[in-house]
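K.L.:
quick one: sequence and predicted model below, then my questions.
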Amino acid sequence: MPHPVLDLSSASRDVYLSPSRLSRETELIGELYALLEPQLNVLADDIEDDPDLAEAIEAVRTIAAGGRADADTAHELLTGWAEELEETGDHDDAITARIVWLVAAWLSVKVGRHLRTEAGSDPLWRFGGLVNVLALPRLGKDFREVMAAVDETGFHDAHRPAVSGEHYDRALEAVVAELSKLDSAKRLDVLYAWISPLLDEVAWENREFMDEPEMETAEAVERFRRLASGDTPDDGDEADAVHYHLTSFALGESEDQDPDMHVRSQAAYLAADWLRLKTGRQLRADENLGNYAPDDLPGLVNTLAWTRSRQISQLPEYVDELIDSGHDLLTPITELRAMLTDLTSPSD
């Protein structure tokens with residue numbers, strides 16, 4: 001039986017190309033990194049005069065070793081470099097660009113979420129190429145030689161299957177239906193497991209956005225996680241303080257049309273909504289939000305799907321119109337199907 005990730009048919013790849021889903025394939029991720037690590041050394045030599053890219057390569061190595069580094073910034077730098085290499089028209093640069101794309105794809109899978117990028121395409125859709133090169137050492141082939149001739153499947157967005165608003169609605173309804181079967185405590189646990197990784201980028205964005213804040217944003221994320229785990233009991237003030245900071249942060253990040261800021265805003269709102277569901281009461285929020293109320297369950301899942309795909313959240317009733325305007329609908333559908341797999345797969 002082939003490894004499920006190796007099956008790149010449109011039927012299975014919708015699920016398995018979700019970084020959150022792929023991140024559990026720890027044996028595969030380790031094997032892929034072992035294959036890529038020598039290429040990282042080559043890339044590091046190529047950019048020794050560029051401290052930012054050198055730091056990005058070092059961040060990949062740190063994360064591979066289980067350390068903590070800014071994956072979003074590293075990913076953004078790597079994908080930007082890959083695009084620059086592709087634009088030169090040079091054959092060797094084109095091969096190097098593919099390797100950089102694969103490193104970026106690996107990083108997203110390792111972290112378990114889509115990462116920030118200014119590139120025109122998501123390297124996750126090049127992951128098929130990364131999996132295909134696993135066979136190279138067994139075939140006695142040189143990495144760069146085969147990368148120059150590798151089949152394009154998995155490297156271009158043109159291979160993505162067609163989707164519609166109906167596909168999105170069905171996927172959303174299926175996730176909500178499965179969540180609704182769970183008792184409230186289990187449902188909160190599942191939602192937390194989906195929301196918490198999205199807060200890493202929020203924590204990294206540790207800038208001042210209000211006068212005399214009660215805490216820094218990184219601290220707010222840490223205190224949210226302690227509340228969620230039960231390490232810090234809600235004494236009536238703790239949840240209010242964290243909720244206030246998260247909603248204030250979210251409001252500030254949503255005032256610009258920059259998608260990365262909206263992704264961080266949505267993640268913070270999701271955490272704030274989760275806290276209100278957890279405590280079962282109104283919590284202190286930024287006064288500029290007015291009559292702020294958390295999303296219902298379908299709204300939460302919808303926002304999760306768009307946030308995990310690093311896009312500005314859209315209302316389900318308008319998704320058909322989004323396709324015509326160039327929006328990526330397949331990635332949030334992929335995330336919804338990954339969530340459904342989480343809910344319906346047998347526990348280990």
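P.N.:
Received the coordinates, thanks. As the structure is a computational prediction, the values presented were derived from the model and not from experiment.

K.L.:
what mean pLDDT does stretch 62-79 have?
P.N.:
Regarding stretch 62-79, the rounded mean pLDDT is 91.

K.L.:
quickly note the distance from Glu205 to Val176.
P.N.:
Note on Glu205: its distance to Val176, by C-beta to C-beta, to the nearest Å, is 30 Å. From N, CA and C alone the C-beta is placed, and that goes for glycine too.

K.L.:
same check on Thr303?
P.N.:
Thr303 sits 12 Å away from Val176, going by C-beta to C-beta.

K.L.:
what do you get for Thr307?
P.N.:
Noted for Thr307: a distance of 16 Å to Val176, by C-beta to C-beta.

K.L.:
who has more neighbours, those two?
P.N.:
With neighbours defined as other C-beta atoms under 10 Å, Thr307 and Val176 compare such that Thr307 has more, 26 against 19.

K.L.:
which stretches of the stretch 201-348 of the chain have low pLDDT?
P.N.:
206, 209-211, 232-236, 290-294, 323-326, 346-348 (pLDDT under 70).

K.L.:
can you give me the helices in it?
P.N.:
For the stretch 201-348 of the chain, the helices defined by DSSP state H, counting those that start in this stretch cover 217-229, 238-253, 259-279, 297-308, 319-324, 330-344.

K.L.:
what's near enough to touch Val103?
P.N.:
Val103 makes contact with 36, 39-40, 43, 60, 78, according to C-beta atoms under 8 Å, 6 or more residues apart in numbering.

K.L.:
show me how far whatever helix or strand it lives in is from its chain's centre.
P.N.:
Element membership of Val103, judged by DSSP states H and E, is helix 91-111. Remark: helix 91-111 is offset 17 Å from the chain centroid, using C-alpha atoms, centre = their mean, to the nearest Å.

K.L.:
which of the residues in it are buried?
P.N.:
Judged by neighbour count using 16 or more other C-beta atoms under 10 Å, the buried positions of helix 91-111 are 93-111.

K.L.:
which among the helices of the stretch 201-348 of the chain is found nearest to Gly165?
P.N.:
Closest to Gly165 of the helices of the stretch 201-348 of the chain is helix 319-324 (C-beta to C-beta; 3.6 Å).

K.L.:
count residues in the vicinity of the closest residue to Arg116 other than its chain neighbours, would you?
P.N.:
Here the nearest residue to Arg116 in space, its sequence neighbours aside, is Asp72; by C-beta to C-beta, 6 or more residues apart in numbering that works out to 4.0 Å. Counted by other C-beta under 10 Å, the residues lying close to Asp72 total 25.

K.L.:
over to the one 5 residues further on?
P.N.:
Counted by other C-beta under 10 Å, the residues lying close to Leu77 total 25.

K.L.:
what residues are up against it?
P.N.:
Residues in contact with Leu77 (C-beta under 8 Å, 6+ apart) are 52-53, 55-56.

K.L.:
could you rerun that using 10 Å?
P.N.:
47, 50, 52-57, 59, 70, 100, 104, 116-118 (C-beta atoms under 10 Å, 6 or more residues apart in numbering).

K.L.:
are any of these buried, and if so which?
P.N.:
Those of these that meet the buried threshold are 47, 53-57, 59, 70, 100, 104, 116-117, by 16+ other C-beta under 10 Å.
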